[in-house]
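Asks: Here you go, sequence then predicted model.
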Amino acid sequence: MNGINIESLVYLSLLGTALVVMVFVRGRQSIGKSLQHLAIWALIFLGALAAVGLWSDIRNTVAPRQAVFAEAGRIVLPRAPDGHYYATLGINGVPTRFVVDTGATSMVLSRDDAARTGLLSDDLPFFGEAQTANGLVRTAPVRIDTVDFGPFADRHVPAHVNDGEMFGSLLGMSYLQRFDRVQIEGGQMVLERD
């Protein structure tokens, strides 16, 4: 089922049945009042189900995804609600979301992102090592044919593929140094090239 697993559906059904039984047992004297309470609980139950089913739409409305505002020579990234800055770059023509990480030495792609962009192969040499918050991980050097970021296009960009668990790719200093100015002010990261 889309988004709702069977266990959750069974649990919610049992909860709803228990509420119905409770309303009728408590209010045996007054069937009309019991039906009124039952209708109220049914509306609350349906409202909760609707909120769970629509949560991703609600979340995107309340806290919309990050947007990149680009003008000639300048990109502005707004700070996300989690405090990070995110950017979507075209890696070999495939939109790929990165967290901007000034603590990372290089551009690091997760295995999933590397596979989507055509950079992951069976013979990729994972002979490098990197120290991360999760410990030591193996890395493989790659060269990205094209990187498109707002008005900028770069070719033959060196990067690494991380062999460990990653929740996304990192846009590190090796790529950020291509900009003349990287500045954080007023909840925005401003990247400029002359």
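Replies: Structure's in. What do you need?

Asks: Strands of the protein, residue ranges please.
Replies: With DSSP state E as the criterion, the chain has strands at 69-71, 74-78, 86-91, 94-100, 108-109, 128-132, 135-149, 152-162, 169-171, 181-185, 188-192.

Asks: what's the neighbour count on the residue nearest to D145 when sequence neighbours are not counted?
Replies: Nearest non-adjacent residue to D145, counting by C-beta to C-beta, 6 or more residues apart in numbering: N92, 5.4 Å away. In short, each C-beta sits where N, CA and C put it, glycine included. By other C-beta atoms under 10 Å, 14 other residues sit near N92.

Asks: Show the contacting residues for N92.
Replies: Neighbouring residues of N92 by C-beta atoms under 8 Å, 6 or more residues apart in numbering: 117-119, 144-146.

Asks: rerun that using 10 Å as the cut-off
Replies: Contact partners of N92, counting by C-beta atoms under 10 Å, 6 or more residues apart in numbering, are 116-119, 144-148.

Asks: Please dump those into a markdown table; it should also carry distance to V190 for every row.
Replies: Output for the contacts of N92, formatted as a markdown table (distance: C-beta to C-beta, whole Å):
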| residue | distance to V190 |
| --- | --- |
| R116 | 29 |
| T117 | 27 |
| G118 | 31 |
| L119 | 29 |
| I144 | 24 |
| D145 | 27 |
| T146 | 24 |
| V147 | 19 |
| D148 | 19 |
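
Asks: What is the nearest of those to W41?
Replies: For those, the minimum distance to W41 (C-beta to C-beta) is 45.7 Å, reached by R116.

Asks: Not counting its neighbours along the chain, what's nearest that closest one?
Replies: R116's closest residue in space is V94 (C-beta to C-beta, 6+ apart), at 5.6 Å.

Asks: So, low pLDDT: which residues of this structure?
Replies: Applying pLDDT under 70 to the chain flags the ranges 1-4, 23-24, 26-29, 55-71.

Asks: Kindly recompute the last result at 50.
Replies: 1-2, 64, 66 (pLDDT under 50).

Asks: So which elements touch the longest helix along the chain?
Replies: Scanning the chain for the longest helix, with DSSP state H as the assignment, gives helix 31-53. Under the contact criterion of 3 or more C-beta pairs under 10 Å, 6 or more residues apart in numbering; DSSP states H and E, helix 31-53 touches helix 6-26.

Asks: what's the helix it packs on packed up against?
Replies: So helix 6-26, by 3+ C-beta pairs under 10 Å, 6+ apart, packs with helix 31-53.

Asks: Measure how far the helix it packs on is from the centre of its chain, please.
Replies: Relative to its parent chain, helix 31-53 has a centroid offset of 33 Å by C-alpha atoms, centre = their mean, to the nearest Å.

Asks: sorry, back to before: distance check, the residue nearest to R116 against T146.
Replies: In this view, V94 and T146 are 10 Å apart by C-beta to C-beta, to the nearest Å.

Asks: Alright, I will stop here.
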